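Visitor: Any chance you could fold what I've pasted below:
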Amino acid sequence: MGAVATDAITTAYSAVMTAGEVKAGNVVGIIGLGGLGMNGLRTAAFAGTTVYGVDINEELFDEAIKNGAAGCFKDVSELSSLKPSVIIDFAGFGTTTADAIKAVAKYGRVVQVGLGKIESTISTNLLVTKKIQLVGSSGGTQEDLKRVYELITEGIYTPELTEFPFDKLDEVLEQVV
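Guide: As a prediction, the model looks like this:
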């Protein structure tokens, strides 16, 4: 449990709560609904936001809805009409970052977590004229980790763990890789 908390949950929690500075009542977009993104979506939902998920894989939408998403989309541009004050990009495929800057509300914040591509071309015109904050986020603070442990204890996060006998280690590692 500790390993999951220190990586997948704390990274997502920090992106949403610390870097994203989300507050109850915010409209939030989460790009990328893999492990980090789904934890980010859960975090935004329990924080009292109206949160929307974006992923190219529609098979993840049901789980996102169960975890608190008000809706899900296949394209970042579909967030524009919702005027999210914060968009967190857990995918980071260049176009997702550029599209987040287009979709976020004026005075909004885009948090970059994912590094699917090392570089991105963004509209500096939109960054300046919409007065957007672009913030990078990686890992979390000791305070973030402490809060994550509290939330696990409270049942907000319920990491899925699979136990297996030690003598099956090689077999299990083959399945993961």
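
Visitor: Give the next helix or strand downstream of the helix or strand bottoming out on mean pLDDT in the chain.
Guide: None of the helices or strands of the chain scores lower by mean pLDDT, DSSP states H and E than helix 2-4, at a mean of 61. Read in the C-terminal direction, the helix or strand following helix 2-4 is helix 10-13, with elements assigned using DSSP states H and E.

Visitor: what pLDDT, on average, does the helix or strand hosting residue 87 get?
Guide: Under the assignment given by DSSP H and E, the secondary-structure element containing residue 87 is strand 86-89. Mean per-residue pLDDT for strand 86-89: 98.

Visitor: For that strand, which outside residues touch it?
Guide: Contacts to strand 86-89, defined as CB atoms under 8 Å, 6 or more residues apart in numbering, come from residues 15-16, 19-22, 26-32, 37, 40, 44, 76, 79, 96-97, 100, 103-104, 108-114, 137. From N, CA and C alone the C-beta is placed, and that goes for glycine too.

Visitor: Mind checking what helix or strand follows that strand in sequence?
Guide: The next secondary structure element downstream of strand 86-89 (using DSSP H and E) turns out to be helix 95-103.

Visitor: hey, where'd the helices end up in this protein?
Guide: Ranges of helices in the chain, per DSSP state H, are 2-4, 10-13, 35-46, 61-66, 95-103, 124-129, 142-153, 169-176.

Visitor: mind checking how far residue 6 is from residue 100?
Guide: Residue 6 sits 26 Å away from residue 100, taking CB to CB, to the nearest Å as the criterion.

Visitor: Neighbour count for those two, which is higher?
Guide: For residue 6 and residue 100, the more surrounded residue by other CB atoms under 10 Å is residue 100, and the numbers stand at 31 against 16.

Visitor: how about that one, what does it touch?
Guide: Residue 100 sits next to 29, 31, 76, 79, 87, 89, 110 when contact means CB under 8 Å, 6+ apart.

Visitor: Just to check, residue 82 is in contact with residue 52?
Guide: Yes: at 6.3 Å, residue 82 counts as touching residue 52 under the criterion of CB atoms under 8 Å.

Visitor: more crowded one of these two?
Guide: residue 52 (23 against 17).

Visitor: Tell me what the more buried one is bridged to.
Guide: residue 29, residue 71 (DSSP bridges).

Visitor: hang on, isn't it packed against residue 26?
Guide: No: in this structure residue 52 lies outside contact range of residue 26 using CB under 8 Å: 11.4 Å.

Visitor: shared neighbours of those two, which are they?
Guide: Residues touching both residue 52 and residue 26 (CB under 8 Å, 6+ apart): residue 84.
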